[in-house]
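# I'll drop the sequence and a predicted model, then ask my questions.
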Amino acid sequence: MNPCMSRRVRRLGSFAAAALAAGLVGATALTGVATAAPGVSAPVPFATPNTDSCPNRTAPPPAIDTSEVPQPGEAAPTPLPVQSPPIGGDRLGACGVVLPEGAPPVPADLSATAWLIADLDTGRVLAAKDPHGRYRPASTIKVLLAAVALRTLDLNKVVVGTQDDANADGTRVGIGVGGRYTNRQLMQALIMCSGNDAAHAIATQLGGEKATVEKMNEQAKRLHALDTRAATPSGLDGPGMSTSAYDLAALFRDAMTIPTFAELIHTEQVDFPGFPPNPQIPGDQDHPGFPIANDNHLLYDYEGTLGGKTGYTDDARQTFVTAAERGGHRLVVTLLQADVLPIRPPQQAARLLDYGFALASDASVGALPDDGTKSSNTNVAVASPPPRDTGTAAPEEHHSENLLTVLIVGGLGAVLVLAVAAWSLTGRSRR
């Protein structure tokens with residue numbers, strides 16, 4: 001089944017999985033933390049990863065696989081320079097939790113190693129944890145790819161799918177050989193479903209993967225997102241790949257000034273074209289079109305959500321950027337190197353959004369870049385939003401998981417299975 005299936009179909013699948021799990025799974029607490037069986041030691045209580053010692057100041061944590069091993073004859077990129085003074089203000093040079101004066105404690109159960117809350121319009125950074133620490137972005141880097149492509153490509157141009165598109169590693173929306181797709185449809189597949197096949201088709205038009213990565217990194221530098229270095233257009237891990245919670249907020253803020261990006265990232269479902277039989281496959285038949293749904297569940301579950309982008313690889317873990325509007329304020333939240341326990345990334349983001357909306361209207365610990373200009377490290381000014389883009393028409397690895405919650409009831413051991421909505425995770429890297 002296509003990984004970007006409609007939300008209703010995903011929900012039905014989660015119930016089927018729940019029924020299967022009833023005979024296979026023991027007791028799990030409603031928080032998602034396993035309950036210890038008799039005679040087994042209780043699990044270690046959850047604690048948010050501590051970054052006070054700045055373990056990721058210069059580079060992301062070591063890779064757990066071979067995804068970042070350079071190609072033969074190529075050297076590993078050197079770490080990006082650490083900016084001094086820190087971009088955005090002195091306080092954003094800290095590696096632990098950074099809060100405005102008098103702010104309440106941050107929400108509990110945050111597994112994200114780094115996070116940031118900022119005002120999408122003014123650029124004020126409201127609160128953060130390890131804001132300039134270096135982490136892997138996974139598919140959230142597609143925000144940067146989309147910003148480059150939407151300012152370059154003709155959205156009405158028709159592109160024919162290739163075998164190289166269809167063979168893209170990781171998450172694929174379902175581009176087929178000979179299929180005809182407008183660039184707008186490719187952008188839908190990229191932004192809504194994190195299709196690596198769509199990323200490949202887009203990068204091909206931008207001059208190929210290497211040229212596209214160069215364009216993405218040039219754009220990051222223009223925005224003074226200097227913790228960011230793309231290694232692949234799609235977000236699959238590669239040598240030197242990095243970003244930060246601060247940079248990801250700046251990249252998303254810039255992309256949201258493009259009307260088409262803001263529209264597509266808020267779109268729940270669209271129809272995607274099919275493709276003809278592949279002549280190289282005996283007996284292959286016509287492949288009809290199908291609906292694709294947005295994989296950001298906060299779009300359905302959090303009031304005021306503007307849209308966001310999910311990501312996951314084995315090295316990056318869970319990554320997420322999302323924004324919401326409440327009371328005339330628009331906030332963006334970024335999460336890097338998160339996990340699904342004790343609560344899932346969208347729930348963590350929702351708690352941080354609630355926290356940010358509850359802070360004083362003048363709360364600030366720094367600022368996002370002001371239209372590509374470094375913010376002062378001594379007198380943190382409220383940044384102005386980048387200029388609105390008026391010309392947009394022209395100029396992983398996906399891993400779907402079902403969250404199952406099992407409650408053991410009574411002395412006879414009857415099991416009540418509560419199926420909680422499925423969560424589609426992008427950017428799954430299996431190397």
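Perfect, thanks for sending it. Keep in mind that what you see is a predicted model, and the values were worked out from it rather than measured.
# from here on, contacts and neighbour counts on C-alpha atoms
Will do.
# what stretches of the stretch 101-250 of the chain score poorly on pLDDT?
Low-confidence regions of the stretch 101-250 of the chain, defined by pLDDT under 70, are absent; no residue qualifies.
# where along it do the strands fall?
114-119, 124-129, 158-160, 180-182 (DSSP state E, counting those that start in this stretch).
# Mean neighbour count, those: which tops it?
Highest mean neighbour count of the strands of the stretch 101-250 of the chain: strand 114-119, a mean of 30 (counted as mean count of other CA atoms under 10 Å).
# what does that strand rub up against?
124-131, 133, 244-246, 249, 329-338, 352-353, 356, 367-368 (CA atoms under 8 Å, 6 or more residues apart in numbering).
# List just the one of the strands of the stretch 101-250 of the chain that sits closest to Pro79.
Pro79 sits nearest to strand 114-119 of all these, at 18.7 Å, using CA to CA.
# Off-centre distance for the closest one?
Averaging C-alpha positions (CA atoms, centre = their mean, to the nearest Å) puts strand 114-119 14 Å from its chain's average.
# one step back: how about the strands of the stretch 101-250 of the chain in CSV, adding distance to Ile64?
Putting those into CSV (distance: least, CA to CA, whole Å) gives the following:
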stretch, distance to Ile64
strand 114-119, 19
strand 124-129, 24
strand 158-160, 37
strand 180-182, 37
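# so which of those strands comes closest to Gly93?
Closest among those, once you apply CA to CA, is strand 124-129, at 10.2 Å.
# Tell me the helices and strands packed up against that closest one.
strand 97-98, strand 114-119, strand 366-367 (3 or more CA pairs under 8 Å, 6 or more residues apart in numbering; DSSP states H and E).
# Kindly calculate the angle that the longest one makes with strand 124-129.
Just to be clear, that refers to strand 114-119. 160 degrees (axes from the mean of the first three to the mean of the last three CA atoms, to 10 degrees).
# Give the pairing partners of strand 114-119; include direction for each.
According to DSSP bridges, strand 114-119 has the following sheet partners: strand 124-129 (antiparallel), strand 329-338 (antiparallel).
# Tell me how many other residues crowd Gln347.
18 (other CA atoms under 10 Å).
# now Arg91: how far from Pro79?
22 Å (CA to CA, to the nearest Å).
# So between these two, which is more surrounded?
Comparing Arg91 with Pro79 by other CA under 10 Å, the one with more neighbours is Arg91, at 20 against 16.
# ok, for the more buried one, nearest residue in space, not its chain neighbours?
Val365 (6.3 Å; CA to CA, 6 or more residues apart in numbering).
# Per-residue pLDDT of the most centrally placed residue in the chain, please?
Most central in the chain under CA atoms, centre = their mean is Thr310, positioned 2.9 Å from the mean C-alpha point. The model reports Thr310 with a pLDDT of 97.
# Regarding stretch 91-104, how distant is the last residue from the first?
18 Å.
# that older thread, any idea which of the strands of the stretch 101-250 of the chain gets closest to Pro137?
Comparing the strands of the stretch 101-250 of the chain by CA to CA, strand 114-119 comes nearest, at 11.5 Å.
# Return that closest one as CSV; C-alpha atoms alone will do.
C-alpha atoms of strand 114-119 as CSV (Å, rounded to 0.1, in the frame of the first residue of the first chain):
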residue,chain,number,x,y,z
ALA,A,114,17.3,20.0,20.6
TRP,A,115,14.3,22.2,20.0
LEU,A,116,13.3,25.8,19.4
ILE,A,117,10.1,28.0,19.5
ALA,A,118,10.0,31.2,17.4
ASP,A,119,7.6,33.7,16.2
